[in-house]
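Participant: here is the input, now give the coordinates:
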Amino acid sequence: MRKKYHDILTFGTETVFGEHSAICEPAAFVLDCLVRGNQDYQTTEENPAELSSQRRAHTTEQGQRPCAVLICCADSRVPAEHIFHAGIGELFVIRNAGNVIGHFCLGSVEYAVEHLNAPLVIVMGHTNCGAVGAALKHEIWKGGLAKIIEEVEAAIGDEVDPRKAERKNLLHSLKRLGESEILRELHKEGRVEFAAAIYDIKSGNVEFLANA
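Facilitator: Residues are numbered from 1 along each chain as shown. Below is the predicted model of the structure:
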């Protein structure tokens, strides 16, 4: 199954860093597990992942070892861990409206990859995104939200189709990860790979993007 998702990780690598390197095995394995978890999520209403008091105690004493970093929108219709049937300590989740990448978000990703050894970073957008919708309408906002909409507007440009705009915003965020010297170096060392995905809030399906 791993070979099936090879192009996804290659795509993420080339988009962020403009170069290709061998896909690190841990990232490919993690991606396969997440894909299978999402497939199961669409067919069952229960999350079988470990959410027990024993698991809480173990991660308290032993610390966290997340298998992946997930950057996604703060939309309440996007239940991040459940989408992949993940449990306590399995995903390092970073959320904000519009799944945009700023300094705080970038620093959080660097921490998870460099210090927690997460081998895979996924930037995940979703259908019917409110931030993208506001950017398409060129609505005027105040405060911090205005900065988010400005970032999304810069990402989507003249695009008018909502689905295409969501993808453009996602890919823009993925490219922003390449601004980190730390992530670039860790990638060269073979310690991390990158992927992009879109979550359908109606079907529950996560579509990993293999090309732009």
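
Participant: mind naming the longest helix for the protein?
Facilitator: helix 25-41 (DSSP state H).

Participant: tell me the buried residues in it?
Facilitator: For helix 25-41, the neighbour count (16 or more other CB atoms under 10 Å) marks Pro26, Ala27, Ala28, Val30, Leu31, Cys33, Leu34, Val35, Gly37, Asn38, Tyr41 as buried. For the C-beta atoms, the positions are set from N, CA and C on the backbone; glycine is no exception.

Participant: likewise stretch 177-188?
Facilitator: For stretch 177-188, the neighbour count (16+ other CB under 10 Å) marks Leu177, Gly178, Ser180, Leu183, Arg184, Leu186, His187 as buried.

Participant: now the angle from the helix or strand where Phe92 lies to helix 25-41?
Facilitator: Using DSSP states H and E, Phe92 sits in strand 91-95. Angle, strand 91-95 to helix 25-41, by axes from the mean of the first three to the mean of the last three CA atoms, to 10 degrees: 70 degrees.

Participant: quick one: contacts of strand 91-95?
Facilitator: Outside strand 91-95, the residues that touch it by CB atoms under 8 Å, 6 or more residues apart in numbering are 64, 66-74, 80-81, 84, 105, 108-109, 112, 116, 118.

Participant: next, give phi and psi for the spatially most central residue of the chain.
Facilitator: Taking CA atoms, centre = their mean, the centroid of the chain lies closest to Val123, which sits 2.4 Å from it. With angles defined as degrees, to the nearest 10, Val123 sits at phi -100, psi 120.

Participant: for the one 5 residues further on, same thing?
Facilitator: Backbone torsions of Asn128, given as degrees, to the nearest 10, read phi 60, psi 40.

Participant: gap between it and His82?
Facilitator: Distance of Asn128 to His82, computed by CB to CB, to the nearest Å: 18 Å.

Participant: between the two, tell me which one has more neighbours.
Facilitator: More crowded of Asn128 and His82, by other CB atoms under 10 Å: His82, with 17 against 14.

Participant: returning to what we had before: ChimeraX command to pick out the buried ones of the contacts of strand 91-95?
Facilitator: A single ChimeraX command selects the buried members of the contacts of strand 91-95 (16+ other CB under 10 Å):
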select :66,67,68,69,70,71,72,73,80,81,84,105,109,112,118
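
Participant: among the contacts of strand 91-95, which lie within strands?
Facilitator: Within the contacts of strand 91-95, residues falling in strands by DSSP state E are Ala68, Val69, Leu70, Ile71, Cys72.

Participant: may I see these organised as a markdown table, with pLDDT added?
Facilitator: Putting the ones in strands among the contacts of strand 91-95 into a markdown table (pLDDT from 0 to 100) gives the following:
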| residue | pLDDT |
| --- | --- |
| Ala68 | 96 |
| Val69 | 98 |
| Leu70 | 98 |
| Ile71 | 98 |
| Cys72 | 98 |
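
Participant: quick one, what contacts Asp75?
Facilitator: By CB under 8 Å, 6+ apart, the contact set of Asp75 is Ala97, His126, Cys129, Gly130, Ile201.

Participant: got CSV for those residues, with distance to Asn47 and pLDDT too?
Facilitator: Rendered in CSV, the data for the contacts of Asp75 read as follows (distance: CB to CB, whole Å; pLDDT from 0 to 100):
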residue, distance to Asn47, pLDDT
Ala97, 25, 97
His126, 18, 98
Cys129, 24, 97
Gly130, 25, 96
Ile201, 17, 98
